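**Q** Sequence and predicted structure below; questions after.
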Amino acid sequence: MTHDPKRAATIAARLGFAARGLVYLLVGWFALDAARRGSAPVDNQQAMGSLAEKPLGHVLLALIALGLAGYALWRFSEAVLDPDRRGTDAKAVIERVGFGWSAVVHLGLAYYAARLALDLTSGSAAGNSDARARDWSGWIMDMPGGQWLLGAVGLLLVAGAGAQAWKGWSKRFAKDLSGDVPVPRYVCLAGQIGYMARALVFLLVGWFLLAAAWHARVSEAGGTVQAMRTLRSQPYGPWLLGLVAAGLILFGVYSLVEARFRRIRVGN
């Protein structure tokens with residue numbers, strides 16, 4: 001049998017979309033429960049940690065780790081090798097930097113999932129995204145010009161939220177699916193709602209970082225969990241959080257569709 005590195009990379013990327021989809025399904029489900037019953041929302045790492053004590057949970061975590069690592073590798077190839085020929089103009093460079101950042105984030109998630117699968121990390125003992133956001137925000141603030149750097153990170157997240165919202169509104173994501181048949185309306189609608197929900201979470205996290213930088217108070221930084229708590233504390237908060245939770249679940253469903261139908265290019 002001839003070894004085909006591109007085929008192997010494509011399979012790894014598809015497994016990565018499936019892994020991402022499962023994680024978002026879990027995060028969305030916990031957020032829906034938080035909206036209905038007032039329980040604590042969770043982030044990506046805590047969602048994966050919830051699998052550790054389930055039957056075959058370690059096997060599933062190992063597959064998630066492998067998938068997320070494959071997804072990170074594919075995003076890294078998009079950033080460096082530019083298989084879609086985006087080029088080197090300002091817009092393309094911003095997109096490719098975003099792919100690189102996505103690769104780093106998903107590689108970190110893959111590492112965490114692998115540690116859970118090997119019983120090297122306790123899912124219940126892991127801190128949530130708020131604690132991690134405050135930790136690395138404090139690390140940035142201790143640098144020369146730290147407030148400006150943290151503000152820049154916050155602005156990047158706000159810009160990322162705008163990009164996610166535009167992607168959902170314009171239905172640009174549908175062009176990434178393979179085949180000559182138009183994407184079914186219900187699939188496109190799931191993707192739209194999912195991207196909008198994701199954009200709102202990104203926007204809130206970016207706002208928290210901007211507030212932390214502006215007031216020079218690391219305690220104001222927050223992550224996904226804080227974003228969901230903020231939504232729940234608003235007027236009609238449980239309904240608002242429930243809508244976002246439904247959107248995150250739909251994003252997970254759309255990611256599973258991408259695992260099968262996404263057009264994936266690797267290398268040059």
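**A** Cool, got the structure. Just so you know, these numbers come straight off a predicted model, no measurement behind them.

**Q** Now Tyr24. Nearest residue, chain neighbours left out?
**A** Leaving out its chain neighbours, the residue that sits closest to Tyr24 by Cβ to Cβ, 6 or more residues apart in numbering is Gly252, at 3.4 Å. Bear in mind the C-beta positions are built from the backbone N, C-alpha and C, glycine included.

**Q** That neighbour is in contact with Phe17, isn't it?
**A** No - using Cβ atoms under 8 Å as the test, Gly252 is too far from Phe17 to be in contact (10.3 Å).

**Q** which residues in the stretch 1-150 of the chain form helices?
**A** 5-37, 44-49, 57-80, 90-117, 129-141, 146-170 (DSSP state H, counting those that start in this stretch).

**Q** Now mean pLDDT too, for these, in CSV please.
**A** Rendered in CSV, the data for those read as follows (pLDDT from 0 to 100):
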stretch, mean pLDDT
helix 5-37, 90
helix 44-49, 89
helix 57-80, 90
helix 90-117, 87
helix 129-141, 85
helix 146-170, 92
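
**Q** So which of those helices has the densest surroundings on average?
**A** For the helices of the stretch 1-150 of the chain, average neighbour numbers computed from mean count of other Cβ atoms under 10 Å are highest in helix 44-49, which has a mean of 24.

**Q** list the helices and strands that helix packs on?
**A** Contact here means 3 or more Cβ pairs under 8 Å, 6 or more residues apart in numbering; DSSP states H and E; on that basis helix 44-49 packs against helix 5-37, helix 90-117.

**Q** just so I know, which of the ones you listed lies nearest Ser178?
**A** Evaluated with Cβ to Cβ, these place helix 5-37 nearest to Ser178, the distance being 11.2 Å.

**Q** Show me what the closest one packs onto, helices and strands only.
**A** Contact analysis of helix 5-37 by 3+ Cβ pairs under 8 Å, 6+ apart lists helix 44-49, helix 57-80, helix 90-117, helix 224-232, helix 237-261 as its packing neighbours.

**Q** about what we covered before: between the helices and strands packed on helix 44-49, which gets nearest to Gly237?
**A** When the helices and strands packed on helix 44-49 are ranked by proximity to Gly237, the top entry is helix 5-37, at 8.1 Å, counting by Cβ to Cβ.
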